[in-house]
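[1] Pasting the sequence and the predicted model now:
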Amino acid sequence: MKARTRIAAIAIAAALAMTSAACGRRPVVTLRYAHMSASDSVAGMQAEFFARRVAELSDGRLAVEVFPASFIGDTAEQLAMARDGTIDIHHTTAGALATLVEGFTVLDAPYRISDPERLSRIVDLRSPLMTRLDGELRHETGLRVLYTFYFGTRHLSFDGPALSPVDLRGAPIRANPYPVYELAVAILGGVPTPVDWNRIQAALATGAARGQENPIETIYSSDLYRWQSHLMLTGHIVGAEIVVMNERSWALLPRRDRDALAEAAAEAGRWASGETLTMESAKLEALRSLGMRVVGEADGLRTDLFKARAERFLAAEYGERLAPYFALMDETP
């Protein structure tokens, strides 16, 4: 089934291959942007914001066609399509990109980035860490980092209270199917259970997973409160989405269109980061009003125990291998 699904997805996307077509008297280049986020989430809305600004800033020479909610393939398939040029643009997590360039792991390493302000400085395309990661990504995969945005702070939801790692012992917890997120679930104390995001509701409804970890906005926009009674404010990852573009698609554009694309990208990143910051507290209150029990340190949540496990687990899993990347991260105050 997966092979047939992938072939069908590629056929759909290939029919939308980058072309120059007449639009009135002006040539239009269409770029395809596929992602996994819901259309009404901040991540989904920023893609539409980006598309609008690209059209405006390029004076209509560029069009961006957006395919949300895993319409074209799952997360791994979309990343592969961006690499081979079947699609042009895709947003994903640092942990997903770490399967291509391992250094991206440090951006989603649990409890290594303290707050959104520091994250924004670290994932700035001019920072020492991002300069190296972008260079390695282009060299190894033919993808470039187009822009980044704050995706939210990740917390744990569960079908009951979980104040420490002991409370999750033996519990299957949905993990984004990439190594650093599976490690994050192990740090929290659960059993990592890889499930692609477009199957999360079924996994929680059937008990294949008893919990999951994600930012507040994602938990709200995906209606996870219907299956999860408790939200633990573990704050284990302060995360960014990384928007990547096929390098060949970029190189084929004339300079003025690349400039328009870059300007729209910077605007979309700022807009999405601001929207995420604005809505986090509001969506947390909304989850409370919908009956979700929110558990923080004042309620006995032992974040100190989660943090201690993170230090041990990261050292054991990555040791000195990622030390140069963590050092570059530490260069950013």
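    Perfect, thanks for sending it.
[2] If you count neighbours, what's buried in stretch 117-132?
    If you call a residue buried by 16 or more other CB atoms under 10 Å, then stretch 117-132 has these buried ones: 119-120, 122-123, 125, 127-130. (C-beta placed from N, C-alpha, C; glycine too.)
[3] Compute the first-to-last residue distance for that stretch.
    Distance between the two ends of stretch 117-132: 21 Å, counting by CA to CA, to the nearest Å.
[4] Give me the mean pLDDT for it.
    Stretch 117-132 carries an average pLDDT of 98.
[5] follow-up on the earlier one: out of the buried residues of stretch 117-132, which sit inside helices?
    In helices, judged by DSSP state H, the following of those are found: 119-120, 122, 128-130.
[6] out of the residues you listed, who's nearest Glu320?
    Using CB to CB, Leu129 is the member of these that lies nearest Glu320, at 17.0 Å.
[7] State the distance from that closest one to Val185.
    Using CB to CB, to the nearest Å, one obtains 25 Å as the distance from Leu129 to Val185.
[8] Please verify my assumption that Tyr178 contacts Thr93.
    Yes: in this structure Tyr178 lies within contact range of Thr93 using CB atoms under 8 Å: 7.3 Å.
[9] With distance to Leu57 added, can I get the ones in helices among the buried residues of stretch 117-132 in CSV?
    Supplementary listing: these in CSV, determined by distance: CB to CB, whole Å:
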residue, distance to Leu57
Leu119, 26
Ser120, 22
Ile122, 27
Pro128, 29
Leu129, 28
Met130, 23
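[10] Quick check: of those, which lies closest to Leu284?
    The closest of these, once distances to Leu284 are taken by CB to CB, is Leu119, at 18.6 Å.
[11] my read: that closest one touches Arg112, true?
    No: using CB under 8 Å, Leu119 and Arg112 do not qualify as a contacting pair, with a distance of 10.2 Å.
[12] Spatially nearest residue to Gly235 (excluding sequence neighbours)?
    Counting by CB to CB, 6 or more residues apart in numbering, Gly235 lies nearest to Thr153, which is 5.1 Å off, once chain neighbours are set aside.
[13] List phi and psi for that neighbour.
    As for Thr153, its main-chain torsions (degrees, to the nearest 10) stand at phi -90, psi 130.
[14] Closest one of the ones in helices among the buried residues of stretch 117-132 to Leu287?
    Leu119 (22.5 Å).
[15] which ones are touching the closest one?
    Taking CB atoms under 8 Å, 6 or more residues apart in numbering as the contact definition, Leu119 lies against 113, 150, 238-240.
[16] tell me the two of the residues you listed that are most distant?
    So, the contacts of Leu119 by CB to CB: farthest apart are Ile113 and Tyr150, at 10.7 Å.
[17] More neighbours: which of those two?
    For Ile113 versus Tyr150, the count of surrounding residues by other CB atoms under 10 Å is larger for Tyr150: 25 against 22.
[18] May I have the strands that pair with whichever helix or strand that one is part of, each with its orientation?
    Tyr150 is located in strand 143-158, with elements delineated by DSSP states H and E. Strands that pair with strand 143-158, judged by DSSP bridges, come out as strand 211-215 (antiparallel), strand 230-246 (antiparallel).
[19] which residues touch the shortest one?
    I take that to be strand 211-215. The contact list for strand 211-215 (CB under 8 Å, 6+ apart) reads 151-159, 162, 168, 171, 173-175, 181, 184-185, 188, 190, 195, 200, 204, 222, 224, 228, 234, 236-237, 239, 276, 280.
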